[in-house]
Each structure stands twice: as structure tokens, then as C-alpha cells.
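Peer 1: Let's see this in three dimensions:
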Amino acid sequence: MKSSGSTPPHQIDEGLNRTIGVWGLSANIVNLVVGAGIFVLPAMVAAGLGSASLLAYLFCGFLIALIMLCFAEAGSEITDSGGPYTYIESAFGKYAGFITANLFLTAILTAGGAVANAVADILAGFIPILDYRAARILFFLLMFGFFAWINIRGVRLGIGLVALTTIAKLAPLLLLVLIGWKDVTGANLFWDSIPAVGSVGEMSLILFFAFMGAEVGLSVGGEVKQPQKTIPKAIFIGIGGVLLLYTLIQTVSVGVLGSDLANYPENPLAEVGGRVFGPAGLTMITLGAAVSMFGNLNGGILNLPRVLFAAARDRVIPPSALARIHPEYKTPHVSIILLSLISFLLACVGGFQVLAIFSSAISLIVYLGVVLAVIKLRKVVPANSQTFRIPGGYTVPIAAAIAILWFLSQLSAQEAIGIAMLVAGLSAVFAGMRWIRARSEMEPEKNPAINEFK
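Peer 2: A predicted model of the protein is given here:
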């Protein structure tokens, strides 16, 4: 993929099999978005906004709709593997691609560590031995080892597992929404007051964690059939369905529990299920949450290695081994193994709310890069091309950029400094890599090993 911006982006042959259709990609997006967040965050948002918590969902939904329109346009123009990394690298070059790839992986992997621990916490209610650290580490090893094995054997198997877990996680949530209305009390949905804009912004930044993941689902762009048509359709189906589901879940949860919702921060939907269905409902929602998180983690192992593969393919990061394709299964097996190992190691640290804010903020920075890439790519992609283009000129990208910047303004000084230090550190690494490459080009006979990374 050329990144100079002088020629229109095009689809290249990466050696991957294009087997994913509209519904497979839609399921992939839904699976990655509906993860741990929706099972935990309703209580946190209700604690901050009370019965007006629906405002945060609507605000997040509005922002994610703007952002995903930009992803739909970029994804129909840049149809290679890598998702947001490839869009930004194609528009702005190697440095932007390097920063994006590393921020993207950092955000998703740290969130994945929290999700893995959430799975263990939930299952510990049924398997008490998971409360012991050694058993938990073994559990993480077996879980990520299984996900790696499935995804190395082919994208069809990985997507098949995604579709299965998507159905399994949605079934109890849909039952809760459909049947839970009978226990909704109208008085619980009444707004006592309009919350301050700052409160909505703070809660929306936390809640945004529950809307993240669609961009990861687009990392398999190099394995999507007819990507110019499939990617926009899958985005609209996936995000539209998630927004509707989330809105209904929060409405039912607040309607059933009222102010008590904030008192169940660890597993609020299980409490709602217990009120609606009795003890069986609590078990059903708890197991649904576990399946949801399993699917979310498998989705990460399916999608994230494609970002690493794409960055190594473009020689944005060394070593070139990460761009290797399995000779039989046609999957980026080295990247899958490496990402599975990193996910396993991060799962041994854990945490949720702090990681949720950190992941959301980093993801918003990546989203801003994609929005700006859409504006840049319009200068090189003909207006009469067959790709999807957002109607209304630059209105949507500009509105998305403003909304993202407002979200980022809600960060605390400590959080903003931490992210700035991360970007500065990555910039220093990139500069060091450039210096090493420059030296190797000047004296190739003295540094033959480095030429592999040129």
C-alpha cells in the first residue's frame, strides 16, 4: 500500500483468503463491541447520572455513528488488512502508521487484560478455584492457547466461533429486554433533574468503552469479499443493532431497579435478570456475560494480529517474520502467536475502570486519525469511484472531529499526561528506528542484519 497520498488507494493481494461476507463481518463487529462493558457499565453510568443515564448512551451513540460513517468511507477505499492503522498509514505515512498501530494495540490489549480477569471473576462463582492466582494463570494460558489454535487454523474457523458466541451472548440480553418490560416501573424512568454537561461528558467517556471494538472488526479487511460493498453494510448493521440493544438494556435496567441499579457495580445485569426471571435469570445473565467476554477475547485474537501483520507488511515495524502467512492455513500465524502471548501476560495484571478510561481515550485518538484520513483521502480518491462516500460533504468528518476533541477534553490532567508520555515514547522509538535504518543504508556491509527491516 502506498502511503504518499499521490495515488488512489487500491486493493492488493496479501495472500489471504477473502471468505468473510456481510453477516460474518457484522457478527464480528457486534461480537467485539458487545463485550464486558455492557454487563458492567450500566451501574457506573446510573451512579453518575441516575435515571438520566440514557443521555450518555444517546451521546455515545451519536458520536459512534459519526465515527463509523468515516470508517465506512475509509474501509471501502482501503480494502487491505489492518483496519484504522492501514487507513491512517495510507493517508499520512509511516510515522502516523507506527503511532496508530502501537496505540491501537495498546488500547485493545489493555482492555483485553481487564476482560480476561472479568471472565475469571464471573466464573469463580461457579468454579471457586479460579480465586487462586495459580489456577487463574493456568486458565488464562488454556483460554488464549485455544483462541490462538482456532485462529491459526483459518479465518473461517475464527469467524465461525465469533458467530456462535455472538448468538450465545445476544440471546440472554434479548430475552432480558423483551421480557423485562413487565417489571419496569414508570416512576424509575422519571428524570428528577437535567444533569450538568460535565457530568454527561465524564460518564460518556467511561461508557464509550462499551461502544469500542467495531474498528478492530475491520482489521480483517484483507479477508472480506467485495469489501467496497460489504464493509459499509456490515458497519451499519452492526453499530445500528448495538446502539438499539444498549438503549433498551439501560432503559429496562433503570426501569426495573431504579436508584438501586448503582448498588450492583460488579454484575448489574445479573441482578436485573434475577428480578425479572428469578434465580435462573441471575445464572442465565451471568453465564451470558462470561460467553460474551469469551467471544470478545476471541475476536481480539482474530482481528488484532491483522494489524500487526499489516504494519510488518508495510515495514512500519520490525521484524518481517510478523508478516508471514501460514503455508497451509493462509493466516498470519506468527502475529497470532505473538498477540496471544501478550494478551496472556497482560491478563495477569487486570483492572477495569481505569483501563476502560485509558482504552477509550487512546481509541478516540485513533478515531480522530481515521476522521482526518477520510478528509485527506478525498483528495486522491475520485468522487465518481465505486467506493462509499458520506453524503453532506465534510460535515460529518468535521462534526466527528469536534465531538472527539470534546470527549478528550474530559480527561483528567494525569490521564492526559500519561497518554502524551506514551505518544512521546513511541515517537522516540520511531526516530531511533529511522536512525538505525539510515546508518544501515550508509554502511550496509557493516550492518547486514538490519537490512531485513529496511
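Peer 1: Show the subsequent helix or strand relative to the host helix or strand of residue 336.
Peer 2: Taking DSSP states H and E as the criterion, residue 336 maps to helix 333-347. Helices and strands here follow DSSP H and E; after helix 333-347, the next one along the chain is helix 353-377.
Peer 1: Same question for that following helix: list its buried residues.
Peer 2: By neighbour count on 16 or more other C-beta atoms under 10 Å, the buried set for helix 353-377 is 355-374, 376-377. All C-beta atoms are positioned from the backbone trio N, CA, C, and that covers glycine.
Peer 1: swap in stretch 77-95?
Peer 2: Neighbour-count burial for stretch 77-95 flags 77-92, 94-95 (criterion: 16+ other C-beta under 10 Å).
Peer 1: Need the distance between the two termini of that stretch.
Peer 2: End-to-end distance for stretch 77-95: 21 Å, by C-alpha to C-alpha, to the nearest Å.
Peer 1: where are the low-confidence patches of the stretch 201-350 of the chain?
Peer 2: By pLDDT under 70, the low-scoring segments of the stretch 201-350 of the chain are 216-221, 266, 318-319, 350.
Peer 1: the helices in it, which residues?
Peer 2: 214-217, 227-257, 268-277, 279-313, 333-347 (DSSP state H, counting those that start in this stretch).
Peer 1: how about those, which one is nearest residue 157?
Peer 2: Judged by C-beta to C-beta, the one of the helices of the stretch 201-350 of the chain that comes nearest to residue 157 is helix 279-313, at 9.5 Å.
Peer 1: Okay, buried residues for the closest one please.
Peer 2: Buried residues in helix 279-313, defined by neighbour count with 16+ other C-beta under 10 Å: 281-313.
Peer 1: repeat for stretch 225-245
Peer 2: For stretch 225-245, burial by neighbour count (16+ other C-beta under 10 Å) applies to 227-228, 230-239, 241-243, 245.
Peer 1: again, but for stretch 379-394
Peer 2: Burial within stretch 379-394, assessed by neighbour count using 16+ other C-beta under 10 Å, is assigned to 380, 381, 387, 388, 389, 390.
Peer 1: again with stretch 150-164
Peer 2: 150, 151, 152, 154, 155, 157, 158, 159, 161, 162, 163.
Peer 1: what's the most distant pair in those?
Peer 2: Pairwise distances across the buried residues of stretch 150-164 (C-beta to C-beta) peak at 18.5 Å, for the pair 152 and 163.
Peer 1: which residue sits closest to residue 176, ignoring its sequence neighbours?
Peer 2: Computed as C-beta to C-beta, 6 or more residues apart in numbering, the closest residue to residue 176 that is not its neighbour in sequence is residue 273, at 5.8 Å.
Peer 1: what sits against that neighbour?
Peer 2: Contact analysis of residue 273 by C-beta atoms under 8 Å, 6 or more residues apart in numbering lists 172, 176, 281, 282, 284, 285, 286.
Peer 1: what's the distance between it and residue 170?
Peer 2: Using C-beta to C-beta, to the nearest Å, residue 273 is found at 14 Å from residue 170.
Peer 1: likewise residue 112?
Peer 2: Between residue 112 and residue 170 the computed distance is 21 Å (C-beta to C-beta).
Peer 1: Settle it for me: which of those two has more neighbours?
Peer 2: residue 112 (28 against 20; other C-beta atoms under 10 Å).
Peer 1: Output the helices of the stretch 201-350 of the chain as CSV; include the columns distance to residue 188.
Peer 2: Output for the helices of the stretch 201-350 of the chain, formatted as CSV (distance: least, C-beta to C-beta, whole Å):
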stretch, distance to residue 188
helix 214-217, 31
helix 227-257, 5
helix 268-277, 12
helix 279-313, 18
helix 333-347, 37
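Peer 1: Minimum distance to residue 19: which of those helices has it?
Peer 2: Among those, the nearest to residue 19 by C-beta to C-beta is helix 227-257 (11.4 Å).
Peer 1: in the stretch 351-454 of the chain, what spans have low per-residue confidence?
Peer 2: Those would be 351-356, 383-384, 443-454, if you go by pLDDT under 70 across the stretch 351-454 of the chain.
Peer 1: Tell me who's in contact with residue 194.
Peer 2: Going by C-beta under 8 Å, 6+ apart, residue 194 touches residue 52.
Peer 1: Residue 246 versus that one, what's the distance?
Peer 2: From residue 194 to residue 246 the distance is 21 Å (C-beta to C-beta).
Peer 1: then stretch 294-303 to CSV, C-alphas only?
Peer 2: The C-alpha trace of stretch 294-303 is given here as CSV (Å, rounded to 0.1, in the frame of the first residue of the first chain):
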residue,chain,number,x,y,z
PHE,A,294,-15.0,-15.2,25.8
GLY,A,295,-16.3,-14.0,22.4
ASN,A,296,-14.8,-10.6,22.8
LEU,A,297,-11.4,-12.0,23.7
ASN,A,298,-11.5,-14.5,20.7
GLY,A,299,-12.5,-11.5,18.5
GLY,A,300,-9.3,-9.7,19.6
ILE,A,301,-7.1,-12.7,18.7
LEU,A,302,-8.9,-13.0,15.4
ASN,A,303,-8.5,-9.3,14.5
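Peer 1: who touches it?
Peer 2: With contact meaning C-beta under 8 Å, 6+ apart, stretch 294-303 is reached by 28, 31-32, 34-36, 83, 108-109, 112, 115-116, 119, 143-144, 147-148, 150-151, 155, 158-159, 161-162, 165-166, 168-169, 213, 216-217, 219-220, 336, 339-340, 343.
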